[in-house]
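Undergrad: Sequence and computational prediction follow.
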Amino acid sequence: MILDRFALNGKVAVVTGAGRGIGKGIALAFAEAGADLVLVDITPEQVEVARSEIERLCRRALAMACDVREADQIDLMVSQARSEFGHIDILVNNAGGTPFKPTLKTSLRTWEAVMRQNLTTTFLCSKAVGVVMLEQKAGSIINISSRESQMPSLGMAAYGAAKAGVNSLTRTLAWELAPYVRVNAILPGAIWTEGSAPVLEPVRDRVIANTPLKRIGTPQDIALAAIYLASSASDWVTGKLFEIDGGIEFVPAAAEGMGRQP
């Protein structure tokens, strides 16, 4: 059956930023598709809650409190994941985030912190897990980028630039790790999570009005695309950027209140 190619039975997936939001949504969806999980997050309490939810789905889950900005912690995480499961088939580089400030009010310290949190983490995790996948001669890396990487990123200049770097890294790794490891990116639009709600709430009606599909996205919308890219259904897909955004294009009015320079 062709739909069997979307199953993740027997696969082991590492998901960073798995304690909440998009990362947790992807982890839960992977578990429903049959995968076992390595849940990585800087907040131990949140990742433990995610672990318990996945185990209720009758899948194995390893909860790891890990700061993916630090190479030594990533190496330890990969070592423990291999010790627990023996292999790593899927990596989702989801951890990231940003404050909201106009570019001219963004300090160098903030700029460098956002770059490290969004781009450097993707590089470090892809490097550590990519070595394992090449040894296995199989694997899929999914980078969670952003539509902010392809449009004016008002109030989030560092974030948009970092995610543009993620897009470039995705394309480069797709060539360097081929033919054994596939590397793709998902570019979410406005996704409603506990983290994004305070930012989206003031502009919610305008975002919806300028979205052809007339709603804000959910973590499950991103998770479904991630299942496709993680599974053998996408065996002939690498180096691609998937915009999952309800069809929205950049509308300046929708960015008011999100750090726009007065």
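TA: Yep, it's here. Numbers count the residues shown, from 1 in each chain.
Undergrad: Could you list which residues are in contact with residue 71?
TA: By Cβ atoms under 8 Å, 6 or more residues apart in numbering, residue 71 lies in contact with 124, 128. C-betas here are computed from N, CA, C, even on glycine.
Undergrad: hang on, residue 18 packs against residue 94?
TA: Yes. Counting by Cβ atoms under 8 Å, a contact exists between residue 18 and residue 94, whose distance comes to 7.2 Å.
Undergrad: which phi and psi does residue 137 have?
TA: Note on residue 137: backbone dihedrals following degrees, to the nearest 10 are phi 60, psi 40.
Undergrad: ok now do it, which residues does it touch?
TA: Taking Cβ under 8 Å, 6+ apart as the criterion, residue 137 is in contact with residue 180.
Undergrad: So for residue 18 and residue 94, which residues contact both of them?
TA: Between them, residue 18 and residue 94 share these contacting residues under Cβ under 8 Å, 6+ apart: residue 26.
Undergrad: more crowded one of those two?
TA: When residue 18 and residue 94 are compared on other Cβ atoms under 10 Å, the one with more neighbours turns out to be residue 18, at 32 against 28.
Undergrad: Spatially nearest residue to the more buried one (excluding sequence neighbours)?
TA: With Cβ to Cβ, 6 or more residues apart in numbering as the measure, residue 39 is the residue that lies nearest to residue 18, at 4.1 Å, once sequence neighbours are left out.
Undergrad: So which elements touch whichever strand or helix holds the one you found?
TA: Residue 39 belongs to strand 36-41 when elements are defined using DSSP states H and E. Packing contacts for strand 36-41, counted by 3 or more Cβ pairs under 8 Å, 6 or more residues apart in numbering; DSSP states H and E, involve strand 12-16, helix 21-32, helix 44-55, strand 61-65, helix 71-85.
Undergrad: The residue nearest to residue 18 bridge partners, please.
TA: The residues paired with residue 39 through beta bridges, assigned by DSSP bridges, are residue 15, residue 63.
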